[in-house]
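S.K.: Fold the following for me, if possible:
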Amino acid sequence: MNASVLFYVQHLLGIGHMQRTFRIADAVAREGIGVTLVSGGEPPLGPLCTQSARIVQLAPIKARDATFKELVGPDGQPIDEKLQQARRNALLAAFKSARPDAVVIEAFPFGRRAFRFEIEALIKAARSRCPRPRILCSVRDIVVVPDDASRLREIVDRVRSDFDFVLVHGDPAFISLGASFSAVSEIADRLIYTGYIGDPDQAVGGDETVGANEVLVSVGGGAVGTALLSTALEARRRGCLASLTWRLLAGPNLPEPAFGTLADALPEDVVLERYRQEFPQMLRRCRVSVSQAGYNTILDILAAGARAVVVPFASERETEQQLRAERLAARGALEMIPEPLLTPTRLAKAVQRAIRRDPLTISVDTGGARRSARLIANIIRDPASVIGRTNGNFVSRSAGGIIGA
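M.R.: Numbers count the residues shown, from 1 in each chain. As a prediction, the model looks like this:
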């Protein structure tokens with residue numbers, strides 16, 4: 001019987017968590033392993049869906065707004081026990097059908113505590129099945145965790161009791177997990193740094209002239225991009241690089257009223273679109289990029305060597321984008337404006353500084369999708385080759401944990 005992996009991912013506002021998981025799932029499928037991907041957020045509106053996996057869509061739950069304080073179901077109402085039970089049943093049915101050799105849970109226990117009602121049931125089902133599937137945590141380079149002793153202890157205990165490995169999708173030479181998780185030493189033996197999950201295909205096609213010498217403004221999925229788009233538009237109205245075409249990519253999740261407001265007030269030579277599949281190539285051709293500092297966008301900027309201004313999303317306790325942007329700004333790779341300080345004038349000045357920069361190459365490991373797939377395949381097929389192996393071609397140990405080779 002072919003090996004099988006079940007992925008669980010829950011996104012709340014942006015699309016980064018989902019995009020990263022879908023890329024890993026595709027890479028696992030290319031290893032000849034069956035994949036079931038259970039998604040608990042809103043279905044993607046853009047071309048994100050993997051064609052290599054069986055997709056199980058739970059009744060979607062999202063954050064009502066950028067504060068993340070309230071979760072709502074498909075009807076826009078706060079989630080209740082009935083919805084929780086329906087999702088839990090669907091998730092366990094997917095597990096039973098897939099009979100996976102490994103379960104990969106995105107973010108938990110570092111995040112997604114509000115979904116313990118179904119994640120704990122999945123872990124219990126996995127731990128009680130014989131033979132027991134390997135249970136892996138999949139996490140980005142930076143986590144957002146309160147530096148509270150009881151919360152840190154809860155995460156450490158959960159990792160040590162329930163997870164075989166934590167796959168950290170980053171490059172420790174750039175940002176180690178310890179930069180955002182102070183108790184990292186207590187789980188160092190479970191960590192595997194996979195490298196960043198870059199776009200394995202770097203999509204091609206479309207009009208190869210689009211984006212050339214343009215100001216390219218993008219906001220990822222767009223759910224929290226209104227302020228940056230509006231500020232960029234005002235900077236353009238006031239004359240910033242007015243001789244160039246400005247292209248605003250609003251993202252599939254920007255609310256329709258906000259999109260309409262922007263569309264009604266576009267100056268000449270300003271283009272507003274939802275999405276461009278060839279965005280990575282457009283970054284290579286643009287004069288300057290203006291964006292937030294999400295995981296996928298930063299990887300695309302670095303791969304393109306684009307001159308860039310970033311305004312990291314920083315609502316409530318969100319520190320992930322800020323930390324990533326600060327590291328790159330300190331190395332001279334881009335201009336950064338803290339979100340609370342964003343104004344049209346500051347943005348225009350940052351854009352002018354950015355275009356005067358010589359492009360700077362920052363090398364980070366972006367082979368994480370293929371490496372994650374190889375690691376998962378090896379964990380399933382030959383666990384001894386991963387556990388305790390300190391030399392050879394597959395993994396090696398360092399002070400920061402295991403680093404995939």
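S.K.: Going by secondary structure, Y8 is in what exactly?
M.R.: strand 4-9 (DSSP states H and E).
S.K.: swap that for L241, please
M.R.: Under the assignment here (DSSP H and E), L241 is part of no helix and no strand.
S.K.: Contacts only, for the closest residue to it other than its chain neighbours.
M.R.: Residue nearest to L241 in three dimensions, not counting chain neighbours: V215, with 5.5 Å by CB to CB, 6 or more residues apart in numbering. All C-beta spots, glycine's among them, are computed from the backbone N, C-alpha and C. V215 is in contact with A232, R236, L241, L244, T245, W246, R247, C286, R287, V288, V290, V351, counting by CB atoms under 8 Å, 6 or more residues apart in numbering.
S.K.: Just send those residues back as a markdown table, with secondary structure and neighbour count too.
M.R.: Listed next are the contacts of V215 as a markdown table, based on DSSP: H, G, I helix; E, B strand; the rest coil; neighbours: other CB atoms under 10 Å:
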| residue | secondary structure | neighbour count |
| --- | --- | --- |
| A232 | helix | 29 |
| R236 | helix | 24 |
| L241 | coil | 17 |
| L244 | coil | 16 |
| T245 | coil | 18 |
| W246 | strand | 23 |
| R247 | strand | 20 |
| C286 | coil | 25 |
| R287 | coil | 19 |
| V288 | strand | 23 |
| V290 | strand | 27 |
| V351 | helix | 25 |
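S.K.: just to revisit the earlier point, okay, angle between whatever helix or strand comes next after the strand holding Y8 and strand 4-9 too, please.
M.R.: Per DSSP H and E, the first helix or strand lying C-terminal to strand 4-9 is helix 16-30. If you take axes from the mean of the first three to the mean of the last three CA atoms, to 10 degrees, helix 16-30 sits at 170 degrees to strand 4-9.
S.K.: average pLDDT for helix 16-30?
M.R.: What helix 16-30 shows for mean pLDDT is 92.
S.K.: Who are the packing partners of it?
M.R.: Contacts defined by 3 or more CB pairs under 8 Å, 6 or more residues apart in numbering; DSSP states H and E place helix 16-30 against strand 4-9, strand 34-39, strand 102-106, strand 134-140, helix 295-304, helix 368-381.
S.K.: Kindly reformat these as JSON lines containing mean neighbour count.
M.R.: As requested, these are exported to JSON lines (neighbours: other CB atoms under 10 Å):
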{"stretch": "strand 4-9", "mean neighbour count": "26"}
{"stretch": "strand 34-39", "mean neighbour count": "24"}
{"stretch": "strand 102-106", "mean neighbour count": "25"}
{"stretch": "strand 134-140", "mean neighbour count": "23"}
{"stretch": "helix 295-304", "mean neighbour count": "22"}
{"stretch": "helix 368-381", "mean neighbour count": "22"}
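S.K.: Please write out the alpha-carbon positions of stretch 119-128 in PDB.
M.R.: Taking C-alpha atoms only, stretch 119-128 is exported to PDB below (Å, rounded to 0.1, in the frame of the first residue of the first chain):
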ATOM      1  CA  ILE A 119      -6.800  19.500  16.700                       C
ATOM      2  CA  GLU A 120      -6.700  17.700  20.000                       C
ATOM      3  CA  ALA A 121      -9.200  15.200  18.700                       C
ATOM      4  CA  LEU A 122      -7.000  14.600  15.600                       C
ATOM      5  CA  ILE A 123      -4.000  14.100  17.800                       C
ATOM      6  CA  LYS A 124      -5.900  11.700  20.000                       C
ATOM      7  CA  ALA A 125      -7.100   9.700  17.000                       C
ATOM      8  CA  ALA A 126      -3.500   9.500  15.600                       C
ATOM      9  CA  ARG A 127      -2.000   8.500  18.900                       C
ATOM     10  CA  SER A 128      -4.600   5.700  19.500                       C
END
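S.K.: Out of the contacts of V215, the closest to G211 would be?
M.R.: C286 (5.0 Å; CB to CB).
S.K.: Local confidence estimate at the closest one?
M.R.: For C286, pLDDT reads 96.
S.K.: Dihedrals phi and psi, it?
M.R.: C286 adopts backbone torsions of phi -70, psi 160, taken as degrees, to the nearest 10.
S.K.: Can you tell me how far the closest residue to P338 other than its chain neighbours is from A227?
M.R.: Distances taken as CB to CB, 6+ apart put A314 closest to P338, at 6.8 Å, once the chain neighbours are dropped. Distance of A314 to A227, given as CB to CB, to the nearest Å: 11 Å.
S.K.: residues touching R276, list them.
M.R.: G206, V210, G211, L249, M282.
S.K.: Quick check: beta-bridge partners of A102?
M.R.: V5, R134 (DSSP bridges).
S.K.: roughly how far apart are L266 and S230?
M.R.: In terms of CB to CB, L266 sits 12 Å off from S230.
S.K.: On the three-state scheme, the spatially closest residue to R331 that is not a sequence neighbour is what?
M.R.: Spatially, and ignoring its direct neighbours in sequence, R331 is nearest to I362 (6.3 Å; CB to CB, 6+ apart). Of the three states, I362 takes coil according to DSSP: H, G, I helix; E, B strand; the rest coil.
S.K.: which residues sit in contact with I362?
M.R.: I362 touches F174, L302, L328, R331, A333, counting by CB under 8 Å, 6+ apart.
S.K.: Tell me which of these fall in helices.
M.R.: Among the contacts of I362, the residues falling in helices (DSSP state H) are L302, L328.
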